[in-house]
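Q: how would this look folded up:
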Amino acid sequence: MFDEVQNMFTLAKEALHEENSLKAEKVFGIDDLVDEINYDSNKFIAEEIFKHPEKAEEYLFLHSVIRKLERIGDRCNNIAEEIVFYLDAKVLKHNKEEKKKLD
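A: As a prediction, this is how the structure comes out:
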């Protein structure tokens, strides 16, 4: 999960630097995976707490880390959305200016 979130951040950063909306859109698919890992972790952690109640505190800390990683992934997703909107608006703006020149 950590590696996927790190990959999301790297892709978003590269997408902004390169002004590449396709790279930014790759973040969306990874976010779905991170969300799935977060969702699946609840059942896993609950089962482990029942098996090993003496480690309940450790599993609760793990759950907290997983939730925070998921939120970081959401932030990367938001950044990627903003990049796509920024680049689309930039393209639309330049197209309007080109149309005015032709008129």
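Q: quick check: mean pLDDT across stretch 47-66?
A: Averaged over stretch 47-66, pLDDT sits at 97.
Q: who touches it?
A: Contact partners of stretch 47-66, identified using CB atoms under 8 Å, 6 or more residues apart in numbering, comprise 1, 37-38, 41-42, 45. (Each C-beta comes from the backbone N, C-alpha and C, glycine too.)
Q: show the buried residues in those residues.
A: 1, 37-38, 41, 45 (16 or more other CB atoms under 10 Å).
Q: what's the closest of those to Met8?
A: Using CB to CB, Met1 is the member of these that sits closest to Met8, with 10.7 Å.
Q: what stretches of the protein score poorly on pLDDT?
A: Applying pLDDT under 70 to the chain flags the ranges 90-103.
Q: all helices of it, in order?
A: 2-18, 21-51, 56-102 (DSSP state H).
Q: now do the longest one: distance to the chain's middle.
A: This means helix 56-102. 7 Å (CA atoms, centre = their mean, to the nearest Å).
Q: can you give me the angle that helix makes with helix 2-18?
A: 20 degrees (axes from the mean of the first three to the mean of the last three CA atoms, to 10 degrees).
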